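Peer 1: task: produce atomic coordinates for the following.
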Amino acid sequence: MAPEATSFRTKLLVAMMLVVLVITATVLYLAQRNVEADVARHLHEEFRSEVGSLLAVQESRMETIAERCRALASSVRIRAALEEGDIEDLYLNAQVELRGVLDSSGMEGGTDQSLLHATFFRFLDAKGAVMSPSSATTEPWEAQLSMIAAPATGQVGYVTRRTIEGLAVMDQVIATPIISTDTGEVIGAIILGFIPIELTTKESAKNIKSGIWCKGELRLPQSEESSSDTLSREVANALNKPLGNSTVEIDGAPHLLFYKLLNPSSHFPPAYEVCLYPLADSIARTREVRWKIIGAGLLLVVGGLVASHFISVGLSAPVTRLAQHSAEHRERREQAETALEISREELLVLNAELQMALSDLKSSQHQIIQQERLRALGQMASGIAHDFNNALVPILGFCELLLLSPTILGDKQKAVSYLETIQTAAKDASSVVGRLREFYRPGKTGMAFGSVQLKRLVEQVITLTTPKWKGQAQANGATIEVSLELESVPSISGDESALREALTNLIFNAVDAMPAGGTLTLRTRRGDDCAVIEVADSGTGMIEEVRKHCLEPFFSTKGEGGTGLGLSMVFGIVQRHSGSLDIQSQPGSGTTFIIKLPLEGVTTIRTSSSVDAKLQLPLRILVVDDEAPVRDTLAAILTTDGHIVVTAVDGAEGLKRFASGQFDLVVTDKAMPRMNGEQMAAAIKNISPLTPIILLTGFGLFHDKEEFPQVDVLASKPIRIPALREAIAEALRHS
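Peer 2: Numbering: from 1, shown residues only. A predicted model of the protein is given here:
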């Protein structure tokens, strides 16, 4: 019992000592942090005060210099010589006009006048090139003064040049535009170079160093050359950080670094005012305070350990008495531990088996999910192919009919009817592709519907679908009669293509339900507050279980021949039109689908007349597309509207044509060889930002306009004539 009591007393003593150590360490840490924070705050305030004085002097100097530069740029003699292109006379006049700026005699160092003394001057032409007099030697550093074009506003920058003695110096340059009094255009610029102002510190801050960092070079007159490379790297790393100051190591000593951008919104490379403040003294003071805190902490620890010893002796006394009663329970505890160990081993074995079973279950689940995804993808693909082929039947049929019997073209009414049917089928094929967006990304809400005549819509659907189901029924030896009971009903607000697709699916389902033939009935009538469409067949009908689930996606009773998507898409189309779909069916008595659509909220589609009114003047349009049929079609449409059209076969040729001519509008394809439409649009915007650009793409339904900031309008292929005219009007509004 004595060893157990002693062990408890030892553990208690160790625990209390640890508590004392933790509390002491925490107090020491917080005290040190507070001291360091106070020192750092004081140091930053002192440093910012010194740097603020420098920046104030710099800003005052910049305002004075800018005012003087503007006065020089408005000189009549300088402006006249620049307009005449007489470089020699330009520099002679400049010597006279600038004698008060270039002459440093009488200027005492450190005075305001000496700070305004210019070290050199140069002129730029309207294209931003340096204009040097023939009598002067062109210096290598003058290339740093060139720009893409003469600046329209004052620009500030820094250049590095070498003196006659071969020393590298950094000058502050100010470029001031020279404006023509006749045209008001920028005809050139005058550039004056000045010696940068340096930090003049107080006695308390005599170790502060200041300089300028530009294009990877640092001019810091107070530093030694041996440390310039290291200092440049440290400054470059600090400039990549988001804060305006940081701590860097210079020659093994820490310094506080502060920097500020001197020339924001300038065409010259960015330049920064860099100031360094040594931290050695503050660190030494901090270390002194830290040792004092540590000494006080050690005294506190020793006192706590002594107190812990006496407290642990008093608290361990009850344990000695408890140890006397533990011997009789020891054997029983050992037996329980043995049994527990056996149970633990059994649990480990069982847990391993469960883990293996769970892994197998997850693997099987993953395989099932993959198989289900592939099955769903195949069903959706077959459904799209089914609808697309349905749309192609009247297109190919009537086209072949017109080619085999050209005499039909002489019958204008019949030819127009055939062409309208082909156009309607083509629009439906385009909408099939558009439906892929519903699987690819959520559709946009709040779309405006157009006015739809239901009676005319039903007649169109019958014309479009008859070639397929009539031939199929006759091939099976069956006859299907069509009964049309179409009453005139008010127009509804809806998507004509989507409603046509819904009726097409219902008609094909009705035909499939009458393999031995029967009667297909279509009715339109007006309800109390809605328009009603009924599609009825005299086929096999549906049992109640099938009727309940027939609108669910991928539910089909046709086996491998069905996708299970037709009725679900019909239901989705009706819902998007705020309508309802009812199914009445009995086995052996046929099926009737009843669609009810609201009459309110008719929103008419904007007609092209408003668009055409804005396009009365002929436009000069550049059409770029690598596909000859698409290019020729667009050119024919635009030429028919009275526009002047120039074509190109790819982006590279289109950019070349644009650069050699004047165009009011550019219409381009997206995917092209050598240079695609996006790249060409970006290049054209760089040349002429106000030229409107329309980007055509077959993947327009899968993209948003925000993905192409370099174009004004994004349009989808195939594009119809009204849509093309509307796109042109929208592009012109944005320009």
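Peer 1: and Val27, how far from Ala723?
Peer 2: From Val27 across to Ala723, the span is 76 Å (CB to CB, to the nearest Å). For the C-beta atoms, the positions are set from N, CA and C on the backbone; glycine is no exception.
Peer 1: kindly list the main-chain dihedrals of the residue nearest to Ala648 when sequence neighbours are not counted?
Peer 2: Excluding the flanking residues, the one nearest Ala648 by CB to CB, 6 or more residues apart in numbering is Gly654, at 3.8 Å. Backbone torsions of Gly654, given as degrees, to the nearest 10, read phi -60, psi -40.
Peer 1: what about stretch 415-430, average pLDDT?
Peer 2: Across stretch 415-430, pLDDT averages out at 77.
Peer 1: all the helices of the stretch 251-400 of the chain, residue numbers only.
Peer 2: For the stretch 251-400 of the chain, helices defined by DSSP state H, counting those that start in this stretch occupy the ranges 280-315, 317-323, 330-404.
Peer 1: all helices of the stretch 451-600 of the chain, in order?
Peer 2: Under the criterion DSSP H, counting those that start in this stretch, helices of the stretch 451-600 of the chain are mapped to 454-475, 496-512, 544-549, 566-576.
Peer 1: can you pull out the low-pLDDT segments for the stretch 301-450 of the chain?
Peer 2: Low-confidence segments of the stretch 301-450 of the chain, defined by pLDDT under 70: 308-310, 312-328, 365-391, 393, 430-448.
Peer 1: can you spell out which helices and strands pack onto the lengthiest strand in the chain?
Peer 2: As assigned by DSSP state E, the longest strand anywhere in the chain is strand 168-179. If you count contacts as 3 or more CB pairs under 8 Å, 6 or more residues apart in numbering; DSSP states H and E, strand 168-179 packs onto helix 2-73, helix 76-84, strand 118-125, strand 155-162, strand 186-194, strand 209-214, strand 217-219.
Peer 1: worst mean pLDDT among these?
Peer 2: For the helices and strands packed on strand 168-179, the weakest mean pLDDT is recorded on helix 2-73, namely a mean of 74.
Peer 1: what's it packed up against?
Peer 2: With 3+ CB pairs under 8 Å, 6+ apart as the test, helix 2-73 has strand 168-179, strand 186-194, strand 253-261, strand 271-278, helix 280-315, helix 317-323 packed against it.
Peer 1: hmm, back to that, Ala475 is nearest to which of the helices and strands packed on strand 168-179?
Peer 2: strand 186-194 (79.3 Å; CB to CB).
Peer 1: each with direction, which strands does the closest one pair with?
Peer 2: Next to strand 186-194 in the sheet, as set by DSSP bridges, lie strand 118-125 (antiparallel), strand 168-179 (antiparallel).
Peer 1: relative to helix 76-84, how tilted is that strand?
Peer 2: Per axes from the mean of the first three to the mean of the last three CA atoms, to 10 degrees, the angle that strand 186-194 makes with helix 76-84 is 130 degrees.
Peer 1: what lies in contact with stretch 125-140?
Peer 2: Residues outside stretch 125-140 that contact it (CB atoms under 8 Å, 6 or more residues apart in numbering) are 87-88, 90-91, 122-124, 142-143, 145-151, 161, 185-189.
Peer 1: just how off-centre is it within its chain?
Peer 2: Relative to its chain's centre, stretch 125-140 lies at 43 Å (CA atoms, centre = their mean, to the nearest Å).
Peer 1: stretch 86-104 too?
Peer 2: Offset of stretch 86-104 from its chain centre (CA atoms, centre = their mean): 52 Å.
Peer 1: how about it: buried residues?
Peer 2: Judged by neighbour count (16 or more other CB atoms under 10 Å), stretch 86-104 contains these buried residues: Ile87, Asp89, Leu90, Tyr91, Asn93, Ala94, Glu97, Leu98, Val101.
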